[in-house]
Each structure stands twice: as C-alpha cells, then as structure tokens.
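Asks: 3D model of this:
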Amino acid sequence: MVFDLEEGLYIFEITLGYRVGESEYMTVPFILRADDANEAEEMVQEYLEINQLANSFWIVEISDPFDPEEYQTHVDEGEKERWDQLEDYSAEDFLEILHSDDM
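Replies: The predicted structure is shown next:
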C-alpha cells in the first residue's frame, strides 16, 4: 500500500456501525487520509450520504491520527493490520455487509 502524499496529512482508522434486525454490529476498520479528525468525520459522513448509506451506517470510532510513513512501517512489520481504504468500497459493497453474516 502506497499513500498519496497529496492527500491529507494523517491516516485515520474508521469503524462503522450498522444494525441487522435488533442486533448492532461493527465493520472492520477502514482507513482514509485527512488533515484532522474533524475532516475525517466529515469525509465519512459525506461518503455515506453520497452513497445513500447514512441511514444504515454510522461512525463508531475514529482512531488517533497516524503519520502515513509510520503507519506504513507498522503494516510492513506486521504490527498493524492492512485495512482497506474507505473510497475503495462501493455502496453495493456496504449493502452486502448489511446482508452478510460474516461480520
């Protein structure tokens, strides 16, 4: 994974929540680049709204910021999991999560 240096200053891990029936679940973390936690939250909210997912998913947790090079080093050394970038997921991918028992 190589991070675009033109994007935000930091890496954030974002965990989303969702409900299936009466039960609540959480996704695995996704990562995104942002300048601060507020921008990260705004980016996730905008993503959910654009993809018409705001009524189905919500933010459970936003990690502390990671320096991209430091984050990459932790991933390369096996100290951190290699999570997918949020923008790599489509609305259809999230709808599959809602209808999956795998999470």
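Asks: going forward, measure contacts between C-alpha atoms and count neighbours the same way
Replies: OK.
Asks: Where does the prediction get shaky in the protein?
Replies: 1-7, 101-103 (pLDDT under 70).
Asks: Report the central residue of it.
Replies: In the chain, the centroid-proximal residue (C-alpha atoms, centre = their mean) is F30; its distance is 2.6 Å.
Asks: If that residue is in a bridge, with which residues?
Replies: Assessed by DSSP bridges, F30 has beta-bridge partners I14.
Asks: Tell me which helix or strand E49 sits in.
Replies: Using DSSP states H and E, the element containing E49 is helix 37-50.
Asks: ok, which stretches of this structure are helices?
Replies: For the chain, the helices defined by DSSP state H cover 37-50, 68-76, 91-98.
Asks: Next, the angle from the shortest one to helix 37-50.
Replies: Note on geometry: by axes from the mean of the first three to the mean of the last three C-alpha atoms, to 10 degrees, helix 91-98 and helix 37-50 are set 90 degrees apart in direction.
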